[in-house]
Structure formats: structure tokens, C-alpha cells
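J.: Prediction below, plus the sequence it came from.
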Amino acid sequence: MPVTVDFTTGRLNGSAVAESSRNLADLAGVFLDEAARQALPPNQLAYRVQLYLPVPEGTQGGLFWGNTFIEPGLVGDEYFMTKGHFHAQRDRAEYYTTVQGHGALILMDEAGHTWHEVMHPGSVHYIPGRTAHRVANTGDTVLSFLACWPSDAGHDYETIVNQGFGARMRAVNGKPELIPN
Ligand code: S6P
Ligand code: ZN
């Protein structure tokens with residue numbers, strides 16, 4: 001069965017599509033207010049990822065496709081967001097394209113300098129190599145975006161677990177603001 005994408009929702013269809021999800025229980029230590037995370041239901045869905053991996057992980061010269069769906073919500077005053085990562089092969093780049101909802105693509109260079117790009121339906125984001133990336137849902141509906149990246153990029157989550165990003169996307173008077181740590 002061929003793979004198709006529904007451009008109204010961002011949903012990927014086809015037997016070659018794999019899915020995974022992250023609940024709040026999977027995101028220990030990700031948010032600033034860990035007590036607020038623990039006070040929320042551990043089985044609350046934070047985000048889902050659909051993956052189309054037409055070649056084995058690590059293949060040089062191949063490409064992967066992924067669709068991410070982030071639920072709306074806050075942990076304390078911080079928007080629901082992905083764990084975030086550098087690519088293990090540091091120079092590998094990636095494209096994101098927003099389908100539905102509103103959010104922020106939070107980017108960080110290897111020196112910890114952190115900035116963001118606003119995500120809205122149709123926005124295209126080039127993530128250069130050597131740049132950690134994480135997405136926060138700053139709206140009140142599901143945020144969905146498409147991603148395309150090299151199949152030999154790999155993921156380094158550990159650096160983010162240990163060092164975090166240099167800033168966080170937090171609600172200030174109901175509006176998103178990138179606040180340095
Ligand atoms: C993969 C790409 C996305 C993320 C997804 C979830 O390189 O950047 O598919 O994997 O958005 O984020 P994370 O940080 O949990 O992998
Ligand atoms: Zn990535």
C-alpha cells in the first residue's frame with residue numbers, strides 16, 4: 001500500500017508507517033516544573049510520531065519522513081513540547097513543515113545559544129546541522145508538522161537531558177515567550 005499524507009490533518013497513512021507516542025510519564029526532567037508534571041496524569045498523551053523509514057536506520061544517502069502531533073497543554077507555565085535532540089551525526093540537517101496548529105520551533109547551537117521560529121500552517125523550517133531542535137505547541141489545538149531528515153542522522157537525546165536548551169517557551173499572561181534559563 002502506498003504512503004499518503006492527509007494535508008488537512010498531517011496524518012500519514014499506509015502499511016509502511018510506524019507509530020510511537022510519548023506520555024507525560026515519558027518526559028521526566030524535560031520541563032522546568034517537575035512537580036507540576038508529576039501532578040498531571042502520567043498517562044496523558046503529550047505527542048505522537050508517525051514514521052516512514054524506507055531504508056534501514058544509518059543508511060548513507062537515504063531520507064526519512066516523520067509526522068509529529070503535539071497535544072495542547074501546559075506543564076506549569078511551559079507548553080507541551082518534544083524532548084528535543086541534536087542529530088548524532090552533528091552536521092545532518094532537517095526540514096520541518098507545519099500542517100495544523102501553532103507552535104514554536106526552538107533551536108540551539110552547540111554553544112547553547114537558543115532562539116525560535118514561529119510555526120503556523122504552511123511554515124517551512126530549515127534546521128541546519130549542529131543545531132538542536134524541539135517543538136512546543138503554543139496553541140490550543142493539536143500542532144502537526146512534517147519532517148524530513150537523512151537516514152544516517154541518528155538522534156542524540158542525552159546531551160539535551162544533561163544540558164537542556166538555553167531557553168524555554170513559557171506562557172506569560174497567556175502569550176508564548178522564549179525565556180532564557
Ligand atoms: C527526527 C525529527 C522528528 C522528531 C519528532 C519528535 O529527526 O526531528 O521526527 O523525532 O518531532 O521529537 P523528539 O525530540 O522526541 O525526537
Ligand atoms: Zn531531528
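T.: Now that the structure is in, tell me what you want to look at. Ligands and ions are numbered 1, 2, ... in the order given.

J.: Near ligand 1, which residues of this structure? Just list them.
T.: 49, 66, 68, 82-85, 94, 133-134, 147, 149 (CB under 6 Å from any ligand atom). Every C-beta, even on glycine, is put in place using the N, C-alpha and C of the backbone.

J.: Could you export those residues as a markdown table, including secondary structure and pLDDT?
T.: Formatted as a markdown table, those follow (DSSP: H, G, I helix; E, B strand; the rest coil; pLDDT from 0 to 100):
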| residue | secondary structure | pLDDT |
| --- | --- | --- |
| Val49 | strand | 98 |
| Gly66 | strand | 98 |
| Thr68 | strand | 98 |
| Thr82 | coil | 98 |
| Lys83 | coil | 98 |
| Gly84 | coil | 98 |
| His85 | strand | 98 |
| Glu94 | strand | 99 |
| His133 | strand | 99 |
| Arg134 | strand | 98 |
| Ala147 | strand | 98 |
| Trp149 | strand | 98 |
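
J.: Please work out how many residues are found near the residue nearest to Leu53 when sequence neighbours are not counted.
T.: Sequence neighbours aside, Phe64 is the residue nearest to Leu53 in space, at 5.3 Å (criterion: CB to CB, 6 or more residues apart in numbering). Neighbour count for Phe64, taken as other CB atoms under 10 Å: 19.

J.: same check, this time on Gly129
T.: Counted with other CB under 10 Å, Gly129 comes out at 14.

J.: Surely it touches Arg90?
T.: Yes: when contacts are counted by CB atoms under 8 Å, Gly129 is listed as touching Arg90 (6.1 Å).

J.: Residue ranges in this protein under the pLDDT threshold?
T.: The model of the chain has pLDDT under 70 over residues 1.

J.: Tell me which stretches of it form helices.
T.: Ranges of helices in the chain, per DSSP state H, are 34-39, 158-163.

J.: elements contacting the last one?
T.: To tie it back to what came earlier, the one meant is helix 158-163. strand 131-137 (3 or more CB pairs under 8 Å, 6 or more residues apart in numbering; DSSP states H and E).

J.: at 7 Å what do you get?
T.: Counting contacts by 3 or more CB pairs under 7 Å, 6 or more residues apart in numbering; DSSP states H and E, helix 158-163 is packed against no other helix or strand.

J.: quick one: contacts of that helix?
T.: Helix 158-163 is touched from outside by 29, 83-86, 132, with contacts defined as CB atoms under 7 Å, 6 or more residues apart in numbering.
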